[in-house]
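Trainee: Predicted model and sequence follow; I will ask about them next.
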Amino acid sequence: MAQKPVTLIVSDLHMGDGGRGDDFVDDNNQFATFVRQQAQTDRGRRGEIELIINGDFLEFVQVLPERYTLNSPDYWCSEEESLDKLDCILAGHPEAFKALVEFQAPGNIVTIFPGNHDIDLHWTAVQDRLRSVAGNVNIELGEHTYTRYGGKLHISHGHLFPSIDPVNGFKNWRHPILRLPDDNAPPRLEMCTGTLFVVRFVNPLEEKYPFVDNVHPQTELVRILLREDRWGLRTVGWLGARFILQHFGASLSAGSRDDIGPELLGAIQGDPFFREKIAELCRDLLGRPDMTEASVSKQFGSEEQLAELLEMLLKADGSLTRWTDIIEIAKPAVNAAGGGSGSTLSLHDASRIDVRAECLTIARNIWKVHADIVVLGHTHLHQEIEENGCRYYNPGSWTRYIEEPSDLTLADLEDDNSYPYELNYVQIEDDGGTIRSKLVCFDRQTTSAAGAA
């Protein structure tokens, strides 16, 4: 592929199905407008531009969540499941894909680097279907970083750097299509821990709280839930904290006690009314007609069994209302001093990463090799830094964002339109051997909301 004199880089569009809960900012066809404007520049008309979409272009993880039913910690979608998800995305944003076709007509190139949310682009059938609608896009796979201009420009989505994100890496990024132990089962993509967290805890919450997936890092969602007054919602936080402890390696805060699990188990053993309500949920939401009040205490006698049940209920009742209301029955009585039965799971502040600082460290390490310009994505936080003649950029995301989620409540996440966005791209030009670069804001909305920066 011939190097174009102009390279434009966007990142993290998270393009969904176009419905409620789609985080991609496209209410006024912003992306299609951006692409068409670039196509109408002098260099665009001459076919001298490469548009690079640096990871998480397509939101496979959250689109059509019911299509993925395996719920495995090891395996993500089959090719057929990924195709169904892609069809929803293609149908949701026809103008965006039409604009990409028009952009390529004079010889411009569209290149896509997969990220952790669109690893599904590794499927051949997914690539073919995408090209049938978006034109002959170039899809580059399996690399940690990609280079342009003889290595002077290094580009990486960023999810494979453990110092930035320890939960969205892949063991088999070059070859993530895996065979299952059952020879008759279709191959599946590798599941990363971050995607599993979204599948189990974020997607079920999104129906009522559409902005819940924009909280970064993902572990902040657990903190938000554990701060809630309602026992049922704190129970969801308890499930998330258990998951994080098991998969992410985060540790408990010093002196904290896990009281939610024992309280729920105690209610199951000691309250027949609560047992009957749990049995009713199992019958109605999980299709378990055999479940009775008497069998509940036998089948859910450990925290592991209880957590598995509650996760299934969370997935089955996206409104959260019915099963969390029933969990409220098990809420311990408040003592005379005004306190509850004890503290609950929480996470060390040490588990939080200074993402901006880590990204800059990575850029500095790459500069030392031979790159003049480094572009990362993934964090949704835009950055522009120059040091000693070298530049580092992160264009951020084409979604609304929250930069400081520490004071958020679940109620704050019900209205996603109240949060700001800034739609940026990085522009690099080769001017006779001199590489010039800049971060450009295509569009922004500065409306603030509680907890938003």
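Mentor: Structure's in. What do you need?

Trainee: Can I get stretch 309-319 as CSV, trimmed to CA atoms?
Mentor: What follows is stretch 309-319 as a C-alpha-only set of coordinates in CSV (Å, rounded to 0.1, in the frame of the first residue of the first chain):
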residue,chain,number,x,y,z
LEU,A,309,-27.9,-16.9,40.6
LEU,A,310,-27.8,-13.2,41.0
GLU,A,311,-25.8,-12.7,37.8
MET,A,312,-28.3,-14.7,35.9
LEU,A,313,-31.1,-12.6,37.3
LEU,A,314,-29.3,-9.4,36.5
LYS,A,315,-29.0,-10.5,32.9
ALA,A,316,-32.6,-11.7,32.7
ASP,A,317,-34.1,-8.5,34.2
GLY,A,318,-32.4,-5.5,32.5
SER,A,319,-34.9,-3.1,34.1
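
Trainee: List the buried residues of that stretch.
Mentor: For stretch 309-319, the buried set under the neighbour-count rule, 16 or more other CB atoms under 10 Å, comprises 309-317. Any C-beta I mention is one placed from the backbone N, CA and C, and that applies to glycine too.

Trainee: Can you tell me which member of those has the lowest pLDDT score?
Mentor: Across the buried residues of stretch 309-319, the bottom pLDDT score, 75, is held by Asp317.

Trainee: How about it, nearest residue that isn't a chain neighbour?
Mentor: Trp323 (5.0 Å; CB to CB, 6 or more residues apart in numbering).

Trainee: quick one: the strands in the chain?
Mentor: Assignment of strands within the chain using DSSP state E yields the ranges 6-10, 49-54, 75-78, 109-113, 138-139, 146-148, 153-156, 177-178, 188-190, 373-376, 383-387, 390-394, 421-431, 434-445.

Trainee: what's the closest of those strands to Gln218?
Mentor: Closest to Gln218 of the strands of the chain is strand 75-78 (CB to CB; 16.4 Å).

Trainee: Touching, the residue nearest to Asp317 and Asp284? I think so.
Mentor: No - between Trp323 and Asp284 there is no contact under CB atoms under 8 Å: 9.9 Å.

Trainee: So between these two, which is more surrounded?
Mentor: Trp323 (24 against 15; other CB atoms under 10 Å).

Trainee: who's in contact with the more buried one?
Mentor: 232, 281, 285, 310, 313-314, 317 (CB atoms under 8 Å, 6 or more residues apart in numbering).

Trainee: rerun that using 7 Å as the cut-off
Mentor: Trp323 makes contact with 281, 313, 317 under the criterion CB atoms under 7 Å, 6 or more residues apart in numbering.

Trainee: How about Ala371?
Mentor: Going by CB under 7 Å, 6+ apart, Ala371 touches 151-154.

Trainee: Could you do Ser82 as well?
Mentor: Here Ser82 is in contact with 60, 120, 123, 126 (CB under 7 Å, 6+ apart).

Trainee: now that we have those, which one has the most neighbours?
Mentor: The member of those that has the most neighbours, counting by other CB under 10 Å, is Phe60 with 31 neighbours.

Trainee: That one contacts Leu121, doesn't it?
Mentor: No - Phe60 is beyond contact range of Leu121, at 8.5 Å (criterion: CB atoms under 7 Å).

Trainee: Go ahead and measure how far the top helix by length along the chain is from the middle of the chain.
Mentor: Secondary structure of the chain per DSSP state H: the longest helix is helix 231-247. Centre-to-centre, helix 231-247 and its host chain are 18 Å apart (CA atoms, centre = their mean, to the nearest Å).

Trainee: Which parts of the stretch 201-350 of the chain are helices?
Mentor: Secondary structure of the stretch 201-350 of the chain by DSSP state H, counting those that start in this stretch: the helices cover 203-206, 220-226, 231-247, 260-270, 272-285, 293-299, 303-316, 321-327.

Trainee: For Leu376, which of the ones you listed is the nearest?
Mentor: helix 220-226 (20.5 Å).

Trainee: Look up how far Met15 lies from the nearest residue to Pro289 once chain neighbours are set aside.
Mentor: Leaving aside its chain neighbours, Pro289 sits nearest to Arg283 (5.7 Å; criterion: CB to CB, 6+ apart). Distance of Arg283 to Met15, computed by CB to CB, to the nearest Å: 39 Å.

Trainee: More neighbours: those two, which one.
Mentor: Each of Arg283 and Met15 has its neighbours counted (other CB under 10 Å); Met15 has more, 28 against 14.

Trainee: surely the more buried one meets Val25?
Mentor: No - with contact defined as CB under 7 Å, Met15 does not count as touching Val25 (10.0 Å).

Trainee: hmm, back to that, quickly compare the strands of the chain and say which is most buried.
Mentor: Mean neighbours per residue, mean count of other CB atoms under 10 Å, is largest over the strands of the chain for strand 373-376, with a mean of 27.

Trainee: any residues touching it, and which ones?
Mentor: 9, 54, 152-156, 158, 359, 362-363, 366-367, 391-394, 426, 428, 435, 437.

Trainee: go with 8 Å
Mentor: Residues outside strand 373-376 that contact it (CB under 8 Å, 6+ apart): 9, 11, 54, 152-158, 164, 359, 362-363, 366-367, 390-395, 426, 428, 435, 437.

Trainee: How about stretch 26-35?
Mentor: By CB under 8 Å, 6+ apart, the residues outside stretch 26-35 that reach it are 13, 15, 18, 24, 51, 93, 95-96, 98-100, 102-103, 398, 423, 425, 442-443.

Trainee: got the end-to-end distance for that stretch?
Mentor: End-to-end span of stretch 26-35 (CA to CA, to the nearest Å): 13 Å.

Trainee: any idea how far that stretch is from the chain center?
Mentor: On CA atoms, centre = their mean, the centre of stretch 26-35 falls 22 Å from the chain's centre.

Trainee: Appreciated, that's everything.
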